[in-house]
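[1] With the sequence up front, the predicted model follows.
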Amino acid sequence: MAVAPRGETNVTPTAAASAAIRTDEPTTDPAAASAAAAEAQAPAPTGLPGNGDDDPDERTAADPAAPGRSRSATSPTGARFTRPGGMFSSLRVRNYRYYFAGQVVSNTGTWMQRIAQDWLVLSLTGSPLAVGITTAMQFLPMLLLGLFGGVLADRMPKRRLLIYTQGAMGLLAAGLAVLTVGGVVTPYYVYAFALLLGLVTVVDNPTRQAFVSEMVGPKDLANAVSLNAANFQTARLVGPAVAGLLIAAVGSGWAFAVNALSFAAVIGGLLAMRESELRPTAPIAREKGQLREGLRYVKERPELLWPMVLAGFIGTFGFNFPTLLSGFAYDTFKVGAGQYGLLNTAMAIGSLAGALLAARRGVPRLRRLVGAALAFGALEVVAAFAPDYWTFALLLMLIGVFGLSFNTSVNSMLQLSTDPEMRGRVMGLLVLVFTGGTPIGAPVVGWVTASYGPRLGLLACGLVSAAAAGAVGLVLARSADLRVRFDLHPGRGGRVVAFVPRTGAASKSELAAAC
């Protein structure tokens, strides 16, 4: 994939004509100028066309510079990316539709396995601690090996690597199903399968996230990331309910079996893709020091480093809801299992709404990312003082909206700001800091909740998240030589809060443009 140098933009013929029309310079060909103006004013296609061949942004590997495609792929500082063509604009791309459909099935199966796995361990041991050990075994590989997974994602063709990882996950689910249905499963078998699943996830997660840009390209990347999140949250609503019915009817083993079969949908979608319509990044050759190179790459770019730092704080301390919600349900509001489940449902509904709202927006900016994190933390602080159960549930929906908005913004921002050959390592680091901190943050939040109550636990999480967002926002503004301007009477098209250059001159830095 041809990539413009950082900070430069390759302008398409249409964009060039549009730029020419906006200047005061006369054109030498009035007829051409009139045609160009008409083309520039033509509405972009929206909605979901009937087949995958009418995507105006599609191009083949043999024609990488097809008309209609801007190649300012890796930096948010090039001309602003094309605004989205609708909430589901990325589904115009045939390959992404196959991927999305497979994920609908697979994500539902994954949530079924999560519920069935926890229930199986609890029924075998009667100990919540054993459930916690199972979760730790699944997430520990990401904490220890997450960066290496990103390196592998950069070294191998991503589509082929995903076929391998998804197949391995399906085999693990099938193995656990056989042991459970056969009546020979023990907690130690479940621990082992959870650990193996975690090892496969180390490679699968950054590869899956980096592969999205190879399917849809930069114009629809933010939309595709948001739709992936909406897909996951929909499965979060459906999967546990189906798992509960299946466990009650025939047992946990059959939930594992259904999950094993669900991976066939993903693999089938990957195999059915038109390879000529992908935007593959050439795999890097295996060399020493590639892990350190990825860390240095992030360190030298504040538009990558500081969103990553903020994601670490939010992931480690802000997203500890399993511990906190159970405490609020049983200790604070004194409700049963059904109403505890409704709290999780409320957050899932809010997260789904947040993902769909994010899908309507264009390329995320740093100020939007920081603002979502700040709102997320502030709402957690407010929720800590909720006077009753239903107020708390409503606030959880809002927390879900801003939490998912932050998740999708940081994911899209980092991918669009990263050179293609580094994308796997950058996404591996993001997964590491966002989910790898769970084994660290969860015990701390659990101790605060157990010692001082759920309200203080949630208050602490909200304060840490909001403080981290405020600090990162100030650091980014200072690094870009910007200041915050408040205008209570902004007028039409103005903003109440805006970032403006300190010196009064327009800033030329990439970081300032990204803000």
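    Yep, it's here. On a predicted model such as this, the values are computed, not experimentally measured, just so you know.
[2] quick one: low-confidence parts of the stretch 201-350 of the chain?
    Within the stretch 201-350 of the chain, the stretches with pLDDT under 70 are 337.
[3] quick one, helices of it?
    221-250, 252-272, 290-299, 302-313, 321-327, 337-360 (DSSP state H, counting those that start in this stretch).
[4] what about those, which gets the closest to Ile163?
    Nearest to Ile163, of all the helices of the stretch 201-350 of the chain, is helix 252-272, at 5.3 Å by Cβ to Cβ. C-beta: built from backbone N, CA, C; applies to glycine.
[5] counting contacts, what elements does the closest one pack onto?
    Identification of packing neighbours for helix 252-272 by 3 or more Cβ pairs under 8 Å, 6 or more residues apart in numbering; DSSP states H and E yields helix 94-125, helix 158-181, helix 221-250.
[6] in that helix, what counts as buried?
    252-260, 262-267, 269-270 (16 or more other Cβ atoms under 10 Å).
[7] List of residues touching it?
    98-99, 101-106, 108-110, 112-113, 115-117, 119-120, 123, 159, 162-163, 166-167, 169-171, 173-174, 176-182, 185, 243, 246-247 (Cβ atoms under 8 Å, 6 or more residues apart in numbering).
[8] how distant is stretch 194-205 from the center of its chain?
    Mean-position distance between stretch 194-205 and its chain equals 18 Å (Cα atoms, centre = their mean, to the nearest Å).
[9] oh, I was asking about stretch 360-380
    Using Cα atoms, centre = their mean, the offset of stretch 360-380 from its chain centre is 13 Å.
[10] For it, give the mean pLDDT please.
    Mean per-residue pLDDT for stretch 360-380: 85.
[11] mind listing what's buried in that stretch?
    Buried residues in stretch 360-380, counted by 16+ other Cβ under 10 Å: 361, 363-380.
[12] likewise stretch 186-204?
    By 16+ other Cβ under 10 Å, the buried positions in stretch 186-204 come out as 187, 189-191, 193-194, 196-204.
[13] Of the residues you listed, which pair is most distant in space?
    Pro187 and Val203 (26.2 Å).
[14] one step back: out of the helices of the stretch 201-350 of the chain, which comes closest to Ala384?
    helix 321-327 (9.3 Å).
[15] for that closest one, packing partners?
    Under the contact criterion of 3+ Cβ pairs under 8 Å, 6+ apart, helix 321-327 touches helix 337-360, helix 438-452, helix 454-479.
[16] Restrict that helix to CA atoms and write it as CSV.
    Presented in CSV, the C-alpha positions along helix 321-327 are these (Å, rounded to 0.1, in the frame of the first residue of the first chain):
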residue,chain,number,x,y,z
PHE,A,321,-17.3,-2.9,36.7
PRO,A,322,-17.6,-6.7,37.6
THR,A,323,-16.3,-6.0,41.1
LEU,A,324,-18.1,-2.7,41.5
LEU,A,325,-21.5,-3.6,40.1
SER,A,326,-21.8,-6.7,42.3
GLY,A,327,-21.0,-4.6,45.3
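[17] what's in contact with it?
    340, 343-344, 347, 396, 442, 445-446, 449, 453-454, 457-458, 461.
[18] again, but for stretch 190-204
    For stretch 190-204, the external contacting residues (Cβ under 8 Å, 6+ apart) are 117, 120-121, 124, 133-135, 137-142, 145-146, 148-149, 152-153, 161-162, 165-166, 168-169, 172, 175-176.
[19] The same query, at a cut-off of 6 Å, please.
    Contacts to stretch 190-204, defined as Cβ atoms under 6 Å, 6 or more residues apart in numbering, come from residues 121, 134, 137-138, 141-142, 145-146, 149, 152, 165, 168-169, 172, 176.
[20] Tell me which two in these are the farthest apart.
    With Cβ to Cβ as the measure, no two of the contacts of stretch 190-204 lie farther apart than Val121 and Leu152, at 29.9 Å.
[21] Residues touching stretch 310-318, excluding its own?
    Outside of stretch 310-318, the residues within contact range by Cβ under 6 Å, 6+ apart are Ala373, Val410, Val433, Phe434, Gly437, Ile440, Gly441, Cys461, Val464, Ser465, Ala468, Val472.
[22] Just give me the closest of these to Ala282.
    Val410 (26.0 Å).
[23] Pull the contacting residues for that closest one.
    Neighbour list for Val410: Pro307, Ala311, Leu369 [criterion: Cβ under 6 Å, 6+ apart].
[24] how near is the last one to Gly441?
    This points to Leu369. 20 Å (Cβ to Cβ, to the nearest Å).
[25] about what we covered before: redo the helices and strands packed on helix 321-327 as CSV? Include distance to Asn228.
    Rendered in CSV, the data for the helices and strands packed on helix 321-327 read as follows (distance: least, Cβ to Cβ, whole Å):
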stretch, distance to Asn228
helix 337-360, 8
helix 438-452, 20
helix 454-479, 23
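[26] which one of those helices lies closest to Phe88?
    Closest to Phe88 of the helices and strands packed on helix 321-327 is helix 337-360 (Cβ to Cβ; 7.1 Å).
[27] to the chain's geometric centre, what's the distance from that closest one?
    16 Å.
[28] cool, and stretch 443-454?
    For stretch 443-454, the separation from the chain centroid amounts to 28 Å (computed by Cα atoms, centre = their mean).
[29] buried ones in it?
    Val444, Val445, Gly446, Val448, Thr449, Gly453, Pro454.
[30] Give me the contacts around it.
    With Cβ under 6 Å, 6+ apart, stretch 443-454 has contacts from Asn320, Thr323, Leu324, Gly327, Phe328, Asp331, Thr332, Gly457, Ala460.
[31] which one of those sits closest to Pro283?
    For the contacts of stretch 443-454, the nearest to Pro283 is Asn320 (37.0 Å; Cβ to Cβ).
[32] Point out where the stretch 1-150 of the chain drops to low pLDDT.
    Those would be 1-85, 128, if you go by pLDDT under 70 across the stretch 1-150 of the chain.
[33] How many residues are close by Phe406?
    32 (other Cβ atoms under 10 Å).
[34] so who does it touch?
    Ala372, Ala373, Phe376.
[35] Excluding chain neighbours, what is closest to the last one?
    Right, the one you point to is Phe376. Phe402 (4.2 Å; Cβ to Cβ, 6 or more residues apart in numbering).
[36] Determine the next helix or strand in the C-terminal direction from the host helix or strand of the one you found.
    In this assignment (DSSP states H and E), Phe402 forms part of helix 389-416. Using DSSP H and E, the helix or strand that follows helix 389-416 towards the C-terminus is helix 423-435.
[37] same for that next one, what does it pack against?
    Helix 423-435 is packed against helix 128-155, helix 187-216, helix 302-313, with contacts defined by 3 or more Cβ pairs under 6 Å, 6 or more residues apart in numbering; DSSP states H and E.
[38] just how off-centre is the first one within its chain?
    In this case it means helix 128-155. The answer for helix 128-155 is 17 Å, by Cα atoms, centre = their mean.
[39] so what secondary structure elements neighbour it?
    Partner elements for helix 128-155 (3+ Cβ pairs under 6 Å, 6+ apart): helix 94-125, helix 187-216, helix 290-299, helix 423-435, helix 438-452.
[40] which one of these is the most hemmed in?
    Across the helices and strands packed on helix 128-155, the average number of neighbours (mean count of other Cβ atoms under 10 Å) peaks for helix 423-435, which reaches a mean of 26.
[41] which residues are in contact with it?
    In contact with helix 423-435 (Cβ under 6 Å, 6+ apart) are residues 142, 146-147, 149-151, 153-154, 205-206, 209-210, 294, 308, 311-312, 315, 414, 418.
[42] Quick one: buried ones out of those?
    142, 146-147, 149-151, 153-154, 205-206, 209-210, 294, 308, 311-312, 315, 414, 418.
[43] The contacts of stretch 443-454 into a markdown table, with extra columns for distance to Ala353 and neighbour count?
    Putting these into a markdown table (distance: Cβ to Cβ, whole Å; neighbours: other Cβ atoms under 10 Å) gives the following:
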| residue | distance to Ala353 | neighbour count |
| --- | --- | --- |
| Asn320 | 22 | 24 |
| Thr323 | 24 | 22 |
| Leu324 | 21 | 24 |
| Gly327 | 25 | 20 |
| Phe328 | 21 | 26 |
| Asp331 | 28 | 13 |
| Thr332 | 25 | 18 |
| Gly457 | 25 | 24 |
| Ala460 | 26 | 20 |
